[in-house]
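S.K.: Build me a model from this:
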Amino acid sequence: MALHRNSDAETVTMPVELPTLKQRDVNVEAHWKHLSIFLAFKRSENHDKGERMVREHSCGKFSRTW
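M.R.: Alright, predicted model coming up:
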């Protein structure tokens with residue numbers, strides 16, 4: 001985990017890679033000395049395979065606190 005502190009603005013940034021997730025799927029909260037990231041997503045895909053229609057659904061949740 002790479003934290004970058006900007007002493008002028010009193011901010012801390014932490015780059016996080018979240019492939020295939022959209023910004024609306026991510027919630028970040030800071031409380032006292034704790035930083036939490038919450039992810040929740042739902043996806044649906046339809047594939048037309050000739051005479052068959054295939055529907056795929058996936059969902060998940062994840063959280064991490066430092």
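
S.K.: Run the chain-centre distance for the helix or strand hosting Val28.
M.R.: Element membership for Val28 (DSSP states H and E) is strand 26-31. Centroid displacement of strand 26-31 relative to its chain, using CA atoms, centre = their mean, to the nearest Å, is 11 Å.

S.K.: Heading C-terminal from that strand, find the next helix or strand.
M.R.: Of the helices and strands lying after strand 26-31 in sequence (DSSP H and E), the nearest is strand 34-49.

S.K.: For the residue with the largest distance to the centre of the chain, give me its contacts.
M.R.: Within the chain, Glu51 marks the point farthest from the mean C-alpha position, 35.9 Å out by CA atoms, centre = their mean. Shown in contact with Glu51 (CB atoms under 8 Å, 6 or more residues apart in numbering): no residues. No exception for glycine: its C-beta is placed from N, CA and C like everyone else's.

S.K.: What is the burial count for Ser36?
M.R.: The number of residues packed near Ser36 is 13, by other CB atoms under 10 Å.

S.K.: brain fart, His47
M.R.: 9.

S.K.: what's the closest non-adjacent residue to it?
M.R.: Val54 (4.3 Å; CB to CB, 6 or more residues apart in numbering).
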